[in-house]
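Quick one: sequence and predicted model below, then my questions.
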Amino acid sequence: FEAEWRNRKARRSGAELYEPLYTMEDAVNALQYFVPCDYDQKIELCEGVWVRFTDVGHLLGSASIEIWMCEDNVEKKIVFSGDVGNINQPIIKDPRCTDTADYVVVESTYGNRVHSSEKIDYVSEFTRILKETFDAGGNVVIPSFAVGRTQEMLYFIREIKEHGLLPEYSDFEVYLDSPLAIEATKVFTKNMRECYEEAIKLVDEGINPLVFPGLKTSVTSDDSKLINFIEKPKVIISASGMCDAGRIRHHLKHNLWRKECTILFVGYQANGTLGRRLLEGEKNIKLFGEPIEVHARIESLHGISGHADMNGLIAWLKGFKTPLQHVFVVHGEDTVTEEFAQKVEETLGCPTWAPFPNGEVDLAANEILNEGVRIAVKGKKPSQKKADAAFERLIAAGRRLLDVIYKREGIPNKDKAKFESQINNLADKWDRWE
């Protein structure tokens, strides 16, 4: 769909057509190679290689992977953590540890951060945001990851409605506008006993913790477009969670400029994403080539996370009952991997390394062959990040102007002269500015 949209614009402008990386047919054909695997089942992939999956409580179906390898009568076991989940999540079980390994490759998304030790009342905070926004006559737009976080938001909204926490707006509507999130929610519903711990009492009573009056799903693009023509204040949950793709960008286009609306972030926003830029206070953005001034309130449910923090990752590593030959720290921003590697080595007393790109290790000999290429990243103050981002947008605008000039090569000389004069006037204005 993204490719079709881009190509419609390309045909109108005479630009080069965009070729998608894969088609729907490619995706459907790939499904024949998927093989479902149960947790805790040791599977032989080929001679000398076995794997086993263990629930690590990040998303429905998320797993750490144990791999046994035997070569030339030398057997080693390496464990990949995957994304380790946070504890005490309402609809996902807590992460389980693995007993033994020679080597561990561990993520470090939150490797230098610690979640609040206080149990945060997300339902009350969520209720406050909904009430203040509805009182102003606006919408609450939630960029959300389709699997995990969306279902958690539905769980919280059911709680709000079930306990009458918004009596003034008891019939407010919630639009789930993400085909993937809708399908993922169906998977949760089919596997309720495997998913829930906190909500298992509801399941025992025959209650679906993710369903409530006023929940509406949007599958087609036409359904999605109609949502923004509904004037009644509402909640819109859509993907992607970091706002870099998907239907959420259309909802942001329709709501970011409205001061009565709220954009509520409920998940991690990586550096460089639109979500991070909005959280850091950016006031002017572009969506679909159109400049948008940000007047909506930008809110965040602080502390809500599907990722284990530094202490949670350390606790998971402490679950190994045999000495580890080496720990490799990956999947973290900038210097976080190195900070967490140092923390692991100090805490567990085993050799720990944050590999650089192209690094190589001989697992049979437990020897680092090549440390790779270190790419130095200097930390920047938020003000400097904003300044850099603004300058990059300015450069992009200059490139766009140059593209427009080349595209207008065939216009009449009179129009060329007018265009030239406008550009020179703009250049003169800013060339004099100090």
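Yes, it's here.

R52: which element?
strand 49-55 (DSSP states H and E).

Tell me if I'm right that D40 and R52 touch.
Yes - taking CB atoms under 8 Å as the definition, D40 is a contact partner of R52 at 6.7 Å. From N, CA and C alone the C-beta is placed, and that goes for glycine too.

Have a look at the two and say which one is more surrounded.
R52 (20 against 10; other CB atoms under 10 Å).

how much space between the more buried one and L45?
Separation of R52 from L45 (CB to CB, to the nearest Å): 11 Å.

joint contacts of those two?
Common neighbours of R52 and L45 are not found (criterion: CB atoms under 8 Å, 6 or more residues apart in numbering).

other SSEs contacting the following helix or strand past the strand holding R52?
Moving toward the C-terminus from strand 49-55, the next helix or strand (DSSP H and E) is strand 63-71. On a contact count with 3 or more CB pairs under 8 Å, 6 or more residues apart in numbering; DSSP states H and E, strand 63-71 meets strand 49-55, strand 74-80.

Each with direction, which strands does the first one pair with?
To tie it back to what came earlier, the one meant is strand 49-55. Applying DSSP bridges, strand 49-55 is found paired with strand 43-46 (antiparallel), strand 63-71 (antiparallel).

repeat for the last one
Here the strand partners of strand 74-80, with direction, are listed using DSSP bridges: strand 63-71 (antiparallel), strand 103-107 (parallel).

Can you name the residues in contact with it?
With CB under 8 Å, 6+ apart as the test, strand 74-80 has contacts from 64-69, 98, 100-105, 363-364.

swap in the first one?
Residues from elsewhere that reach strand 49-55, judged by CB under 8 Å, 6+ apart: 37-45, 62-70, 93, 95-96, 98.

tell me which residues of stretch 242-250 are tucked away?
Neighbour counts over stretch 242-250 (16 or more other CB atoms under 10 Å) mark 242-244, 246-250 as buried.

Quick one: mean pLDDT over it.
Averaged over stretch 242-250, pLDDT sits at 92.

CA atoms of it as CSV?
Extracted in CSV, the C-alpha atoms of stretch 242-250 (Å, rounded to 0.1, in the frame of the first residue of the first chain):
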residue,chain,number,x,y,z
MET,A,242,7.4,5.4,16.7
CYS,A,243,5.3,7.3,14.0
ASP,A,244,7.8,6.6,11.2
ALA,A,245,5.3,4.6,9.0
GLY,A,246,1.8,3.4,8.9
ARG,A,247,-1.7,4.9,9.4
ILE,A,248,-0.7,6.8,12.5
ARG,A,249,1.0,9.4,10.3
HIS,A,250,-2.4,10.3,8.7
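
Run the chain-centre distance for it.
Remark: stretch 242-250 is offset 11 Å from the chain centroid, using CA atoms, centre = their mean, to the nearest Å.
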